[in-house]
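S.K.: here's a sequence, model it:
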Amino acid sequence: MLIAVAALLGILGLAAGFSAFGALAQARLFRFFFRALLSLVLLGAGTVLAFVSLGSQGMLALTKEETAARIKLMPKGPQRYDATVTFADGRVETYDIAGDDIYVEGHIVKWTPLANMLGLHTSYRLDRIAGRYQSLEQENTARRTIYSIGTAPLIDLVSVGRRLPLGVLFDAEYGSATYVPGAQPGELELKVSTTGLLLRPLPPAPEAPRT
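M.R.: A predicted model of the protein is given here:
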């Protein structure tokens, strides 16, 4: 929806620009300045909305608590385990994790009511998965394993927002992280809501009835 509004503003801006040149050819200076200003305003608004639309691609809209991924843990030694992640889009990846805990990090973007009216809602993007040691000494000296699990946005909305007047659209942008022990085999569910990320253990699958 947002990209359609941006395209419409762009078309109207171009139309106003051509009309302004027509007024200039007829030496109607007041009409030229008015239409030229209108063209700039429309094109500027369309450009801002296009940036926001492209920047929000790769992020998932969030209207309630949702399952972002399922993680299956398989220990293979002291402070070592495989984490097989099944993402919400069906992608499956396995990561070699070192540490006592499994740690997941993501980004959450909240929008103002004005942006909600344009079709933008609270959204999130997963960032990285890593191992975490409970000992501070090991955190500084032991093997670290950190993997990217997100996709880079086409446009960094936060950086663009610092250069363009997007304050009327942004509410907040912040990072969220969660971790739980990963030493035991099992399966976890990565939940995400407007308050952040949460890892929950899943109950063991029921055993098949014996015949």
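
S.K.: run through who's touching the strand or helix carrying residue 190.
M.R.: Under the criterion of DSSP states H and E, residue 190 resides in strand 186-193. With contact meaning Cβ atoms under 8 Å, 6 or more residues apart in numbering, strand 186-193 is reached by 62, 64-73, 102, 104, 106, 108, 124, 176, 178, 180, 197-202, 204. In this view, the C-beta of every residue, glycine as well, is placed from N, C-alpha and C.

S.K.: quick check on the residues you listed: which are buried?
M.R.: Listed as buried from the contacts of strand 186-193 are 62, 68-73, 102, 104, 106, 108, 124, 176, 178, 180, 197-199; burial here means 16 or more other Cβ atoms under 10 Å.

S.K.: what residues are bridge-paired with residue 108?
M.R.: Using DSSP bridges, the bridge partners assigned to residue 108 are residue 124, residue 174.

S.K.: thought it was touching residue 127?
M.R.: No - under the criterion of Cβ atoms under 8 Å, residue 108 makes no contact with residue 127, lying 10.4 Å away.

S.K.: overlap in contacts, these two.
M.R.: Joint contacts of residue 108 and residue 127 (Cβ under 8 Å, 6+ apart) are residue 175.

S.K.: thinking again about what came up before, strand partners of the strand holding residue 190, parallel vs antiparallel please.
M.R.: For strand 186-193, the pairing partners within the sheet under DSSP bridges are strand 66-77 (antiparallel), strand 196-201 (antiparallel).
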